[in-house]
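# okay, sequence plus prediction incoming.
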Amino acid sequence: MAEALKSDAESVSDTAPAGDDVGESTQTSEVASDALDDAAAKTVASVDAVLEANSADIPAAKQPQDKDLGDGETDDSEEPCVGEKCKQVKGEDLIAAEAARKKKQQQDLGEAKAAQKAVDDEAIPADVGPIGKGEAYIPLSPTIPRLTVMDHLRSKGLFEIISEDMRPFAVNSYADMSSTPAGAAVFGGNMHVLTTNSKDEFRYSNTHGQIGGVGFAANYPHYNKASIVASSKKAATKDEAFEPVVVQTYTSDGNVGIGVDGPASKLHVQGDGNSRLINVNHWGDVSACSSGVGAFAGNAYVTTEENKANFRYANAHSAMGAIGFATNYPDWNKATIFSSGTTAAEAKKEFKPQEIATFTHDGKMGLGTSAPKSALDIKSAGRQLSVSDWLDVSSQGAAGFIGLNAHLKEEAGKRVFSFSNTAADTGSIGIATNYPLSNQLSIISSTETSSNAGTVFTPQTIATFTQKGMFGVGTDSPMARLDVRHSSARQISANKFADMSANEQLQGFFGGNGYAVGQGFNFANTNAVAGAIGLATHYPKPGQAAIISSGKAQPKAGGAFKPTVLAHFLEDGSMAIPKDLIVTGDIKVLGRVINGDRADHKAAGGEEYDFLSAHEALVSENTMMRERLARLETMMLSLTK
């Protein structure tokens, strides 16, 4: 396409009237030439007149005059203009200057004539349009291949540059304005856009080893969008084409995209690979990846790499790890509070997040588990839940513990009890489920009365409840509704002085101030007057029972005593009383009353007296005697008659 420059007429001729066009100037060129001749002649005459007028002052001018060179400096070398020679030199200078001006004016008029002739010959391209009043068409090629404006270029009207296939406009080499017929417009640094093979093509404007290209593009990458674009390299080769990277995109509906050219919200930030997205003061990060995982974290961000979510440290720190809140992690429809599990960080280094707490879409919360089964589900190999340091709730496997100063933990693959705190006068006690056996609930305690945090101990079972309704005290295998066992002390007491007990000899004792234990019987309390008395079973022999007492032994709590048998009940139902039986009231005997001198009255030499038989014989004898006396009385009466 032919190139042309339209400019004001004043740039063509200094002498043309303001309202005249180029045609009028051409028609009066001869007049203007004559005027120049007259002006030159008048100028010479004026010079002579000036010199003659000043000749009267020549004597005064004979004194040396300083010539100011500016900045306070003077030139003493110039002599004053004196005589005909000086006037001749001055006149020649003025004549030469006027001649140069005339020549320049003639050149300008010649160019104007050529431009007018081009108009007359219809040599102006059609896309330039008609030349208006005060305008001129100056072809830049081949007449003027380049136009250089040394000081100031002003355009009163539209300044239009049409250049589809070359760099159109630059400022100081590195600032560019360019556009294409397709609508893309670029205001760039070291880059411009042009049309190649009917396509928009971005190119570097200069060659530089450390500067690539960056700029602002309108209607790119799509219509009604503007973007900040950049080359992917930090170096450039002049006129080399490159595919720009869209850094930011602004849409006509007010959305802003960073890393995405189709923002879906007022601010849409997107990045792939190891890309940190948003940070606040270096340490607060907002990030997300294409798999749906989002993170709001301190010193951490999430990225998409090889189609999976990766967590990385944002900054390096010797005493700070990473912690944050992740959505759709570790699974969709879950949110998790996570940490790096470290107290130091290395910038951009990948780490495996540790899940501290997980929240599910159905309202469940897991601590130590990402798959909570209840509203609050806590899992940990160590201490799990504490209240004010001393009350613990814990579980390992199927066993659970709710109690004071202890918790269940896993150690070397085994379930153990461990003290939670350190105290000189406090051990541990609590309720254990599925302990010591499955389907049992037990009250347990440590045997120690002090504790050291983290120390493992073996608890003792105080009481056990089974799924069958059995209750054991001192045993984890109760055989009855209430099964109480203690091999070395009292077992059941009521108000201190009533006891139920049994010892290792299978002997039971139901009495006051005494109990069966070990191989014998002990006093339950110390008392000055109340010894032990009660019913002993399987005493003195198995299958027998006896009412026993401590006799005259002085009662001392825990002290043993030898029982005295007060009444002995044998397996055949008989009872033996070793001492006198004093009966104040009646004795009603339904059986026989027998007296014997020996314990075994059936033995040889033994004697036995059957009180019932004797009584019956006595009654019978008495009856017979009464009958005989009655007959005797009757006989005596008959004799008196």
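Now that the structure is in, tell me what you want to look at. Numbers count the residues shown, from 1 in each chain.

# which stretches of the protein aren't confidently modelled?
Within the chain, the stretches with pLDDT under 70 are 1-90, 108, 111-124, 126-128, 134-147, 593, 595-609, 641.

# break it into its domains for me.
Following automatic domain parsing, one gets these domains for the chain: 4-64+78-138, 164-268, 389-484, 486-582, 585-641.

# make CSV from these and add distance to residue 346 and mean neighbour count to it.
Heads up, the C-betas are built off the backbone N, CA and C, glycines and all. Listed next are the domains of the chain as CSV, based on distance: least, CB to CB, whole Å; neighbours: other CB atoms under 10 Å:
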stretch, distance to residue 346, mean neighbour count
domain 4-64+78-138, 62, 14
domain 164-268, 25, 16
domain 389-484, 31, 16
domain 486-582, 62, 16
domain 585-641, 99, 9
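
# can you tell which of those domains is closest to residue 349?
domain 164-268 (22.4 Å; CB to CB).

# circling back to that earlier point, tabulate the domains of the chain (CSV), appending distance to residue 369.
Formatted as CSV, the entries for the domains of the chain read as follows, by distance: least, CB to CB, whole Å:
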stretch, distance to residue 369
domain 4-64+78-138, 77
domain 164-268, 34
domain 389-484, 12
domain 486-582, 42
domain 585-641, 76
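
# of those domains, which is nearest residue 338?
Ranking the domains of the chain by proximity to residue 338 (CB to CB) places domain 389-484 first, at 22.3 Å.

# and that closest one, how far out from the chain middle?
Between the centre of domain 389-484 and the centre of its chain there are 36 Å (CA atoms, centre = their mean, to the nearest Å).

# what's the answer for stretch 575-587, then?
89 Å.

# what helix or strand does the residue nearest in space to the middle of the chain sit in?
Closest residue to the average C-alpha location of the chain: residue 324 at 1.5 Å, with CA atoms, centre = their mean. Residue 324 is part of strand 323-327, with elements assigned from DSSP states H and E.

# show residues contacting that strand.
Contacting residues not belonging to strand 323-327 are listed as 285, 293-300, 302, 335-340, 353 [CB atoms under 8 Å, 6 or more residues apart in numbering].

# over to stretch 497-515?
Under CB under 8 Å, 6+ apart, the answer for stretch 497-515 is 484, 487, 490-493, 516-525, 527, 530-539, 542, 548, 550, 555, 561.

# circling back to that earlier point, for residue 371, find the nearest of the domains of the chain.
When the domains of the chain are compared (using CB to CB), the closest one is domain 389-484, at 15.9 Å.

# now do the same end-to-end measure for that closest one.
Using CA to CA, to the nearest Å, the end-to-end distance of domain 389-484 comes to 34 Å.

# can you check stretch 163-176 too?
Taking CA to CA, stretch 163-176 runs 13 Å from one end to the other.

# over to stretch 193-200?
End-to-end for stretch 193-200, by CA to CA: 7 Å.

# what of stretch 371-382?
Note: stretch 371-382 ends 19 Å apart using CA to CA.

# list the buried residues for it?
Neighbour-count burial for stretch 371-382 flags 372, 377-378, 380 (criterion: 16 or more other CB atoms under 10 Å).

# measure the residue nearest to residue 260 when sequence neighbours are not counted to residue 248 for me?
Spatial nearest neighbour of residue 260, chain neighbours left out: residue 270 (4.0 Å); criterion: CB to CB, 6 or more residues apart in numbering. If you measure residue 270 against residue 248 using CB to CB, to the nearest Å, the figure is 11 Å.

# which neighbours do these two share?
Residues touching both residue 270 and residue 248 by CB under 8 Å, 6+ apart: 257-258.

# mind checking how far stretch 337-349 is from the chain centre?
For stretch 337-349, the separation from the chain centroid amounts to 11 Å (computed by CA atoms, centre = their mean).

# cool, thanks, talk later.
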